[in-house]
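K.L.:
below is the structure, and that's it, no one-letter string:
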């Protein structure tokens, strides 16, 4: 069974597990492949870990903790993967500054007239700035406004390195040095039926085309550079994007946008649907990009990921900011308290609401 629960609901997954356990009791031998650690731990009698096509080890179920499986897949703890090489951002200047960002609600209610309201923050060079919140809090919408996807229904002031910019569309955002890796890479990030070469050039077509044409040599060179710099595992530059694994697809999306040489990188759920080994590679990449001075805004539903990667975290609740946390204030309980309707609000944000 190869990733049998990837398209199943929780109830359907529970039903599948019942069937698997029944078959095992009847003497059927089952090989179960999954990147979901909890499934492996719950089902397997023996666990075998592979990394880069090599056998790392096999262990009985009683030794197969989630932590041990991750260590074998990655080679070390995820915390170690990201922590190395990070430097302080305290002395660095703001790259992105946002004031009073707002996005109207297309179906306004008494309780919520705007999907995003009164959102203000700044992101320093080399900083990973996290945005936390429950489903529907306005995290993705905040990134979309910053990428010019809601002209006419959004407002607020955005500055890049002190210069106010106009965001009427994504072309404006890209010209200002903003790049966005969307939440759904298959729908919004890639052309799955096209090769790595065609996908890599999408964001820079205007700069590499001559009289509306791009040479085959330029396409291959661009794809080779992306494969090499991002560590994409592929047969070659013309391999179809849809045939790549989830982690390599995500690296291709990030690599495509890095070719634009952005100053700000917006990441919306950058590790969704990829295995823990690929996650570690994305974490290393984020750390490297931050170390190079890129300002990164990160949205993630996984609190362990958000607290591991972020230097500061802005918490949203129903479209409103409720807290801005420094690293020493991070805890899952604190974030959820500020993210939950009726929960806590830091005094500065409460005063802002009253003033509005």
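P.N.:
Arrived safely, thanks for sending. All figures in this text were calculated on a predicted structure; none of them were measured in a lab. Residues are numbered from 1 along each chain as shown.
K.L.:
C-alpha from now on. contacts and neighbour counts both.
P.N.:
Noted.
K.L.:
quote the end-to-end distance of stretch 154-166.
P.N.:
One end of stretch 154-166 to the other measures 12 Å (Cα to Cα, to the nearest Å).
K.L.:
next one: it to chain centre, how far?
P.N.:
Put simply, stretch 154-166 sits 23 Å off its chain's centre (Cα atoms, centre = their mean, to the nearest Å).
K.L.:
where does the prediction get shaky in the chain?
P.N.:
Along the chain, the parts satisfying pLDDT under 70 run over 74-91, 352-356.
K.L.:
please redo it, this time with the cut-off set to 50
P.N.:
Residue ranges of the chain with pLDDT under 50: 84-85.
K.L.:
what ranges does the protein have for its helices?
P.N.:
Using DSSP state H, the helices found in the chain span residues 10-25, 37-43, 66-74, 78-83, 139-146, 170-175, 196-201, 205-208, 216-230, 246-258, 276-291, 303-309, 332-339, 347-355.
K.L.:
deepest-packed of those, please.
P.N.:
helix 196-201 (a mean of 26; mean count of other Cα atoms under 10 Å).
K.L.:
ok, residues contacting that helix?
P.N.:
190-191, 219-220, 222-224, 226, 237-241, 252-253, 255-256, 259 (Cα atoms under 8 Å, 6 or more residues apart in numbering).
K.L.:
for stretch 235-247, same thing?
P.N.:
Residues contacting stretch 235-247 (Cα under 8 Å, 6+ apart): 190-197, 199, 220, 223-224, 227, 233-234, 249, 271, 273-275, 278-279.
K.L.:
ok, now stretch 318-326?
P.N.:
112, 114-119, 136-139, 311-316, 338-339, 341, 344-346, 349-350.
K.L.:
and it, what's buried?
P.N.:
By neighbour count on 16 or more other Cα atoms under 10 Å, the buried set for stretch 318-326 is 318-325.
K.L.:
list the contacts of residue 289.
P.N.:
residue 126.
K.L.:
any idea how far it lies from residue 261?
P.N.:
Residue 289 is 11 Å from residue 261, by Cα to Cα.
K.L.:
residue 99 too?
P.N.:
24 Å.
K.L.:
do residue 107 as well
P.N.:
Separation of residue 107 from residue 261 (Cα to Cα): 37 Å.
K.L.:
between the two, which is the more surrounded one?
P.N.:
Neighbours of residue 107 and residue 261, each counted by other Cα atoms under 10 Å, are more numerous for residue 261; the result is 15 against 9.
K.L.:
what's the burial count for the spatially closest residue to the more buried one that is not a sequence neighbour?
P.N.:
Spatial nearest neighbour of residue 261, chain neighbours left out: residue 177 (7.2 Å); criterion: Cα to Cα, 6 or more residues apart in numbering. Using other Cα under 10 Å, residue 177 has 15 neighbouring residues.
K.L.:
quick one, what contacts residue 177?
P.N.:
By Cα under 8 Å, 6+ apart, the contact set of residue 177 is 260-264.
K.L.:
do that again at 7 Å, thanks
P.N.:
Neighbouring residues of residue 177 by Cα atoms under 7 Å, 6 or more residues apart in numbering: 262-264.
K.L.:
kindly report the same for residue 268.
P.N.:
By Cα under 7 Å, 6+ apart, the contact set of residue 268 is 140, 181-183, 298-300.
K.L.:
distance check, it against residue 179.
P.N.:
Using Cα to Cα, residue 268 is found at 11 Å from residue 179.
K.L.:
again with residue 308
P.N.:
Taken as Cα to Cα, the span from residue 308 to residue 179 is 22 Å.
K.L.:
then residue 229?
P.N.:
18 Å.
K.L.:
for the residue nearest to residue 272 when sequence neighbours are not counted, give me its contacts.
P.N.:
Using Cα to Cα, 6+ apart and skipping the chain neighbours, the partner closest in space to residue 272 is residue 183 (7.7 Å). With contacts defined as Cα under 7 Å, 6+ apart, residue 183 is in contact with 268-270.
K.L.:
would you agree residue 297 is in contact with residue 132?
P.N.:
No: when contacts are counted by Cα atoms under 7 Å, residue 297 is not listed as touching residue 132 (10.9 Å).
K.L.:
list the contacts of the residue nearest the centre of the chain.
P.N.:
Nearest to the mean C-alpha position of the chain, by Cα atoms, centre = their mean, lies residue 270 at 1.9 Å. Neighbour list for residue 270: residue 183 [criterion: Cα under 7 Å, 6+ apart].
K.L.:
now swap in residue 204 and tell me
P.N.:
So residue 204 contacts residue 260 (Cα under 7 Å, 6+ apart).
K.L.:
rerun that using 8 Å as the cut-off
P.N.:
Contacts for residue 204 (Cα under 8 Å, 6+ apart) come out as 259-260.
K.L.:
residue 297 and residue 132: which has the busier surroundings?
P.N.:
Neighbours were counted for residue 297 and for residue 132 using other Cα under 10 Å; residue 132 has more, 28 against 22.
K.L.:
could I get the contacting residues of residue 35?
P.N.:
Contacts of residue 35 by Cα under 8 Å, 6+ apart are 3, 274-276.
K.L.:
would you mind putting these into TSV with distance to residue 150 alongside?
P.N.:
Shown next, in TSV, are the contacts of residue 35 (distance: Cα to Cα, whole Å):
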residue	distance to residue 150
3	36
274	29
275	32
276	34
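K.L.:
now the end-to-end length of stretch 297-309.
P.N.:
Stretch 297-309 has an end-to-end distance of 11 Å (Cα to Cα).
K.L.:
what's in contact with that stretch?
P.N.:
Contacts for stretch 297-309 (Cα under 8 Å, 6+ apart): 79, 82, 123, 128-134, 139-140, 264-270, 283, 287, 310, 313, 327, 330-332.
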